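# Sequence first, predicted coordinates after that:
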Amino acid sequence: MNGEALWNYVISGLSSSEEEIQTGLWFTASSRDGRLYVDRAIYNSPSSDLSMKRIISKKDFLFVHSYYDRLVNGETGVRREVSRKSRNSAYIFALVENYSINEDE
C-alpha cells in the first residue's frame, strides 16, 4: 500500500478508538479530525516514556513510510538514518507494520 493510502487507512482505523501498539515499548495511537496522535500506553507495559501526547504529521508519516521497505529488507543503518530526521520514527514504523499486516483482514 502506498504511503498516502496507508495514512488514510490508519487515520480511519483509529478514528473510532485508541489502540495500543508495541515498538518494544507500548504506546497509544489515536486519530481525531484527520490528525494522528501517539501517547504513553495505559493498559500495557512497559510503556513508552512520552511526557505528553504528540501529533504525527502526514508529512512525517509519509517520510518515514518511504523507508519502510528498506528497513524490512534488512538494510543496515536505516533506522538510525530515519531517526535523525524524525523523532517519531519508531512509532510510525510500528504503525506502518501494524496496519500493513491488517490491511487484508
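Alright, I've got the coordinates. Numbers count the residues shown, from 1 in each chain.

# And the contacts of the helix ranked longest in the chain?
As assigned by DSSP state H, the longest helix anywhere in the chain is helix 89-102. Contacts to helix 89-102, defined as CB atoms under 8 Å, 6 or more residues apart in numbering, come from residues 1, 6, 9-10, 13, 21-24, 27, 29, 36, 38, 48, 54, 56, 60-61, 64-65, 68, 71-72, 79, 82-83, 86. All C-beta spots, glycine's among them, are computed from the backbone N, C-alpha and C.

# Name the residues of it that are buried.
By neighbour count on 16 or more other CB atoms under 10 Å, the buried set for helix 89-102 is 89-100.

# which among the contacts of helix 89-102 end up buried?
Judged by 16+ other CB under 10 Å, buried ones among these: 6, 10, 13, 21, 23, 27, 29, 36, 38, 48, 54, 56, 60-61, 64-65, 68, 71, 82, 86.

# all strands of this structure, in order?
19-22, 26-32, 35-40, 54-56 (DSSP state E).

# TSV for the ones you listed, including mean pLDDT?
Formatted as TSV, these follow (pLDDT from 0 to 100):
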stretch	mean pLDDT
strand 19-22	94
strand 26-32	96
strand 35-40	96
strand 54-56	96
